[in-house]
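Trainee: structure for the following, please:
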Amino acid sequence: MTSSEVTRRRVMGFGLGALAALPAGCSGDSGPVRRLRLATGPEGGPYNAFGQALARAVAASGRRIEIVPVSTAASVNNLRKLDEGSVELALAMADVAEDAVLGREPFLRPAAATALARVYVNYTHLVVPADGPVRSVRDLAGRPVAAGAAGSGVQVVAERVLRAAGLSGAPAPATTPAPATTPAPAPAPAAPAADERQLGLAASVSALREGSVDALFWSGGVPTPALADLAHALPLRFLPLDAHVGALRERHGPVYTEVTLPAGVYGLTEPVGTIGVGNYLLARTDVPQGAVRDLLQVVFERWRDLLREVTAGVRLEPRFAISTGEVPLHPGAAAHYRSVYG
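Mentor: Below you'll find the predicted structure:
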């Protein structure tokens, strides 16, 4: 058992009553303000919204830290920036974060990244026009698909879903398969690869509306405003993806879970099973422990504000926050959870 797993198990047993007693704006550091750059995502996206909200919340807290959001292409790009030291903090999807710390493709070596918290879950959306011919992932064979911007976590999960369905032209990465918790389906017969287009969310929505792609992948909170707006303008079908969770977990581990797009969202008349992936708030190992503890106090005090524009109907729980899989907790994060919940 790793030290990070021991820490998480201990923290998960602690009580939660002390959170309400946290004093606002109380930092033991009377020195200069520490400036922390946070790699977020493209402007208008959920990571960018979270980063801007976090910067405002920290500024209002009176603590001796400053958050400077940095717009990026999102998860893969963020981990590279974190590793090279051009930012101190980053947001990233759990699958990409684990690949980074383990040195798996697309990363050439283990990245210098630690976890502060698992903040919310992304829901994988595979969206097609309701009156179109695509009714399953296999129907995407040979068709143009908006598969996420280059360097994004969306691109990673889209590629893996298409590979699991036998529709990817990219070779499978050399990873060590994790123990399967759900039997994987039999390999699908060979089919033409989907025509994957590297498009961000705004460009993907425009392409689907115009008919230049037959489907779009997105990984984000529910509802995602851009998709909710599209659903008002164009009848949509959200394809179920939960059947692919077993294959993804077998190859990539338990970062993938079964989740459900609920009835009512996007005008859905019944729930749609899909793939969930956590989102981590990450830090370089050399970020001071005091700065991490101050930051996490703000995160837990203001989680409603931070998540309001990102995903609806969720709350940030400590037992959820420390579930960061193969990504070890930053020592300052472990100290925070012990001091507050112990």
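
Trainee: quick check: closest non-adjacent residue to Arg37.
Mentor: Val87 (4.2 Å; C-beta to C-beta, 6 or more residues apart in numbering). Every residue, glycine included, has its C-beta placed from N, CA and C.

Trainee: how many residues are close by the one you found?
Mentor: Close neighbours of Val87, defined as other C-beta atoms under 10 Å, add up to 23.

Trainee: now the strand or helix carrying Ala247, how far from the chain's geometric center?
Mentor: Mapping Ala247 onto the secondary structure by DSSP states H and E places it in helix 245-252. Offset of helix 245-252 from its chain centre (C-alpha atoms, centre = their mean, to the nearest Å): 17 Å.

Trainee: correct me, but the residue nearest to Arg37 touches Thr40?
Mentor: No - contact criterion C-beta atoms under 8 Å: Val87 and Thr40 do not qualify, at 9.4 Å.

Trainee: and for these two, which residues touch both?
Mentor: In terms of C-beta atoms under 8 Å, 6 or more residues apart in numbering, Val87 and Thr40 are both contacted by the residues Val70, Asn78.

Trainee: ok, Ala335 - contacts?
Mentor: For Ala335, the contacting residues are Gln289, Arg293, by C-beta under 8 Å, 6+ apart.

Trainee: can you map out the strands along the stretch 201-342 of the chain?
Mentor: 215-220, 236-238, 256-261, 272-283 (DSSP state E, counting those that start in this stretch).

Trainee: ok, now which ones touch the residue lying closest to Glu196 once chain neighbours are set aside?
Mentor: Spatial nearest neighbour of Glu196, excluding adjacent residues (C-beta to C-beta, 6+ apart): Ala147 at 4.1 Å. When contacts are counted by C-beta under 8 Å, 6+ apart, Ala147 touches Val154, Gln155, Ala158, Glu159, Leu162, Ala194, Glu196, Arg197, Gln198, Leu199, Phe217.

Trainee: try 7 Å this time
Mentor: Taking C-beta atoms under 7 Å, 6 or more residues apart in numbering, we find Ala147 in contact with Gln155, Ala158, Glu159, Glu196, Arg197, Gln198, Phe217.
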